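>>> show me how the following folds:
(3 chains)
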Amino acid sequence: MERSRLDVWVGVFVLGGLAALLILALKVGNAGDMLGRGDTYTLTAQFENIGGLKPKAAVRSAGVVVGRVATIDYDPETFNAIVVFKIDQRFSRFPVDTFASVYTTGLLGEQYVALAPGGDEKLLVDGARITKTQKAVVLEDLIGQFLTSRAGESSTQ
Amino acid sequence: MPNSGSRHVLDNKWSAVSGLGRQAVEAFLRLGYATRVLGLTLMNSNVSARRPRLVVREVYFSGVLSLVIILVSGLFVGMVLGLQGYQTLKVYGAESSLGVLVAFSLLRELGPVITALLFASRAGSAVTAEIGLMKATEQLRAMEMMAVDPIARVVAPRFWAGVISTPLLTAMFTAMGIYGGYLVGVILLGVDQGSFWSQMQSAVDFREDVVNGLLKSIAFGIAISWIAVFEGYDAPPTAEGVSGATTRTVVTSALTILFLDYILTSLMFRGF
Amino acid sequence: MPSDFVEISGLHFGYGRRKILKGLDLRVPRGKVVSIMGGSGCGKTTLLRVIGGALRPSAGTLIVDGESVNELDRDGLYRLRRKMGMLFQLGALFTDLSVFDNVAFPMRERTDLPEPIVRDLVLMKLHAVGLRGASKLMPNELSGGMSRRVALARAVALDPQLIMYDEPFTGLDPISLGVISNLIRTLNDALGATSIVVTHDVRESMKILDYCYLMAEGQIVAQGTPAEMLGSELPYARQFFHGEIDGAVPFHYPGTDYGAELGLATRAR
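Got it, this is the predicted structure:
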């Protein structure tokens, strides 16, 4: 009767709302990554300069997202940035001489960490430290270098 | 004569000041009464919990009947965002970030706020008018004389229906809006489909953006429902009284939503 | 069992500074139909709400069926209200429920009766007011007299011992008027209940009354059987029951001197 039809509509309504929420969580947000958070291992790296890197930034290898930046800290002894990554357990075969660099997507895009695997036999284990790092390229430095080199060129001419 | 004239001006000034004071006292009294009604509503919610049918019925009237306006508005807001965002981002050659822009705007601000504003004017006003009319036609008194508490039987189910409906409607509005942005951005303007979704997915954080947006909408739902049931319950039992209360529900809800939005945004997204 | 169902003495009530009831004394004997009459705004409806426990008197005693109403807590009050039924001025039917559901409302809310029994009881109550055939209609499809009868069926749904009527005759055509006044009497006798009728309709109520109180300015000014009241020599009672235009209650609202206000006094000088 009228009552049960009303119930059906409310049921459809609630289901629709929950479905929309699920879409937002999985398709729009990154809840899918978070669900798999249990299967991660930790790596650390020291950088001279991380530029604008933020927690939760992507960690990519060959352009594929393999993990995320967990925390960023500062070491007052070495004056370096200490970055902790959480890497997906499926990608646990990085060699110890893997190279970590801070890159930028496009010219003004967000920053991420790129891992370039080396050729060593030994593998990085949970909690290990990546020793080979390259600092972020800061746009102002780049422009400065460009200007000095131009100045040098014009003076030699 | 001039002496009495200046005294008259002075009297007017004083009466203006005391009028202001009276209004302030009145406002505090109303807030106190509203708080008491909210407290009574929460304390008398056990009937709603024991008989979910009562709430389901009200979810139908506030939630399901608001569905069309919410979905259509969501689609158009998303489409406008796609269009405007595209024009702006193109200047910086960053069209591929359109998905990020659409998703952030909708999840954090536009979804919760516009849904709440629409819900207040569509469902909140209806709840106020309904309760106000029940009061004006002595239905609430009749209920009380039958030893049935009108707060438990009439007010509480409508309050909870509003609190339940708002986040669900917000989620649907936001999902619809993102689809609208996709329609305009990807299908119409030719932004790359892959970068639209992947940039969105890597930028949007579940807890930071989705959950916070949802928390906002729950807060708005509580505020609107509270205002709507209180204005109805407090409405003078006349035709003008009820129509005035309905207007007040929409105005007060709108102001409260925007004010709350600022407070919540500054608390939630401090890092940005 | 005390012979009076309602006993009121020295009752005071006011909204803030405005006093409505000023030391009212009243007794309603068991099984009788008693009416409280008086001009508009003399506090009759307020008195009914005080008896029902919706308003708390500021002084005086109010005893309903042996219980002091103003000393009851909420649960006690709700228990007492199960013995009461009230018919509101405009019926106060729940506009979103059908006629059937309106009458079933107090049974479903206040008892655990199984649905088949509720159905039978509702049809019996509706039959008593002659509207069994209208059980599926919605309140907005009823005429004024019909909705008053449905409200009456709802008021007696739980077989109350005390039925209160707030202006049951207002705005009805002569046929409905006769039907309602007849129902008040027959329901009272059939249920063995006690009835209080608040009204200012002298002609209709006098036919069904056992006893009558006349109220003015928050007090009882006259009481007696209908015959006694109609023959009363008290100026206010005579004016009220015979509908005289001027008398104890003046036709003119108090004001300044008529001639002075028109400026006649000045012109004469």
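>>> wondering if stretch B:53-73 reaches chain A at all.
Yes: Stretch B:53-73 lies within reach of chain A by CB under 8 Å from any CB of the partner chain, at B:56-57, B:59-60, B:63-64, B:67. Any C-beta I mention is one placed from the backbone N, CA and C, and that applies to glycine too.
>>> contacting residues around C:M84?
Residues counted as contacts of C:M84 (CB atoms under 8 Å, 6 or more residues apart in numbering or on different chains) are B:145, C:52, C:64, C:160-164.
>>> ugh, wrong one, B:F28
Contacts of B:F28 by CB under 8 Å, 6+ apart: none found.
>>> and it, what element?
Using DSSP states H and E, B:F28 maps to helix B:2-43.
>>> I'd like the mean pLDDT over that helix, please.
Helix B:2-43 shows a mean pLDDT of 78.
>>> out of the residues of stretch B:53-73 next to chain A, which sit inside helices?
Using DSSP state H, the members of the residues of stretch B:53-73 next to chain A that fall in helices are B:56-57, B:59-60, B:67.
>>> and those residues, which is closest to chain C?
Taking CB to the nearest CB as the measure, B:R57 is the one of those closest to chain C, at 9.1 Å.
>>> tell me the pLDDT of that closest one.
91.
>>> excluding its backbone neighbours, what's nearest it?
Excluding the flanking residues, the one nearest B:R57 by CB to CB, 6 or more residues apart in numbering or on different chains is A:L6, at 6.5 Å.
>>> how about B:M143?
Nearest residue to B:M143, sequence neighbours excluded (CB to CB, 6+ apart): B:P150, at 4.8 Å.
>>> so what's the residue of the stretch 101-250 of chain B found nearest chain A up against?
Per CB to the nearest CB, B:L168 is where the stretch 101-250 of chain B lies closest to chain A, at 2.7 Å. By CB under 8 Å, 6+ apart, the residues touching B:L168 are A:13-14, A:16-18, A:20-21, B:63.
>>> what of C:R148?
Taking CB under 8 Å, 6+ apart as the test, what C:R148 contacts is C:87, C:91, C:168, C:172, C:176, C:180.
>>> that one is in what secondary structure piece?
helix C:144-155.
>>> whichever helix or strand comes after that helix to helix C:144-155, inter-axis angle?
Sequence-wise, the next helix or strand downstream of helix C:144-155 (DSSP H and E) is strand C:162-166. Here strand C:162-166 runs at an angle of 150 degrees relative to helix C:144-155 (axes from the mean of the first three to the mean of the last three CA atoms, to 10 degrees).
>>> can you give me the mean pLDDT across strand C:162-166?
Per-residue scores along strand C:162-166 average to 90.
>>> report the buried residues of the helix or strand that it is followed by.
Using DSSP H and E, the helix or strand that follows strand C:162-166 in sequence is helix C:174-191. Of all the residues in helix C:174-191, those buried under the rule 16 or more other CB atoms under 10 Å in any protein chain shown are C:176-177, C:179-181, C:183-184, C:187-188, C:191.
>>> which helices and strands does helix C:174-191 pack with?
strand C:33-37, helix C:115-128, helix C:144-155, strand C:162-166, strand C:194-199, helix C:202-206 (3 or more CB pairs under 8 Å, 6 or more residues apart in numbering or on different chains; DSSP states H and E).
>>> how does it look with 10 Å?
strand C:33-37, strand C:84-87, helix C:115-128, helix C:144-155, strand C:162-166, strand C:194-199, helix C:202-206 (3 or more CB pairs under 10 Å, 6 or more residues apart in numbering or on different chains; DSSP states H and E).
>>> from these, which stretch is densest packed?
Stretch with highest mean neighbour count among these: strand C:84-87 (a mean of 27; mean count of other CB atoms under 10 Å in any protein chain shown).
>>> who does it pair up with?
strand C:162-166 (parallel) (DSSP bridges).
>>> helix C:174-191 and the strand it pairs with, what's the angle between them?
Computed by the same axes, to 10 degrees, the angle separating strand C:162-166 from helix C:174-191 equals 160 degrees.
>>> then strand C:162-166 to PDB, C-alphas only?
Listed next in PDB are the C-alpha coordinates belonging to strand C:162-166 (Å, rounded to 0.1, in the frame of the first residue of the first chain):
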ATOM      1  CA  LEU C 162     -14.100  12.700  32.000                       C
ATOM      2  CA  ILE C 163     -14.900  14.200  28.600                       C
ATOM      3  CA  MET C 164     -14.200  17.900  28.100                       C
ATOM      4  CA  TYR C 165     -15.700  19.900  25.300                       C
ATOM      5  CA  ASP C 166     -14.200  23.200  24.200                       C
END
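>>> wouldn't A:P55 be in contact with A:V113 here?
No: counting by CB atoms under 10 Å, A:P55 does not reach A:V113; the two are 11.6 Å apart.
>>> find the closest residue to chain B in chain A.
Using CB to the nearest CB, A:G17 is the residue of chain A that sits closest to chain B, at 2.7 Å.
>>> next SSE downstream of the longest strand along chain A?
Longest strand in chain A by number of residues (criterion: DSSP state E): strand A:64-75. Going down the chain from strand A:64-75, the next helix or strand is strand A:80-88, by DSSP H and E.
>>> which strands or helices does that next one pack on?
Using 3+ CB pairs under 10 Å, 6+ apart, strand A:80-88 sits against strand A:40-47, strand A:58-61, strand A:64-75, strand A:99-104, strand A:111-116, strand A:128-130, strand A:132-134.
>>> per-residue pLDDT of the residue nearest the centre of chain B, please?
By CA atoms, centre = their mean, chain B has its centre lying nearest to B:A116, at 3.3 Å. pLDDT recorded at B:A116 is 96.
>>> swap in B:T174?
Reported pLDDT for B:T174: 95.
>>> any low-confidence regions in chain A?
Residue ranges of chain A with pLDDT under 70: A:1-3, A:30-38, A:106-109, A:155-157.
>>> ditto for chain C
Along chain C, segments meeting pLDDT under 70 span C:1-2, C:248, C:265-269.
>>> now with 50, please.
The model of chain C has pLDDT under 50 over residues C:268-269.
>>> who in it is up against chain A?
Nowhere does chain C come near chain A, counting by CB under 10 Å from any CB of the partner chain.
>>> just checking, B:R108 is part of a helix?
Yes: judged by DSSP: H, G, I helix; E, B strand; the rest coil, B:R108 forms part of a helix.
>>> list the contacts of it.
B:174, B:204, B:208-210, B:212-213, B:216, B:261, B:264-265, B:268-269, B:272 (CB atoms under 10 Å, 6 or more residues apart in numbering or on different chains).
>>> can you count the residues close to the residue in chain C positioned nearest to chain A?
In chain C, the residue that lies nearest chain A is C:S98 (10.2 Å; CB to the nearest CB). The number of residues packed near C:S98 is 18, by other CB atoms under 10 Å in any protein chain shown.
>>> for it, what are phi and psi?
Dihedral pair for C:S98: phi -70, psi 170, per degrees, to the nearest 10.
>>> pretty sure it is touching C:L126, no?
No: with contact taken as CB under 10 Å, C:S98 and C:L126 are classed as non-touching, separated by 11.2 Å.
>>> list residues touching both of these two?
C:134-135, C:150.
>>> and the host helix or strand of B:L264 with helix B:2-43, angle?
Assigned by DSSP H and E, B:L264 belongs to helix B:239-268. Counting by the same axes, to 10 degrees, helix B:239-268 lies at 70 degrees to helix B:2-43.
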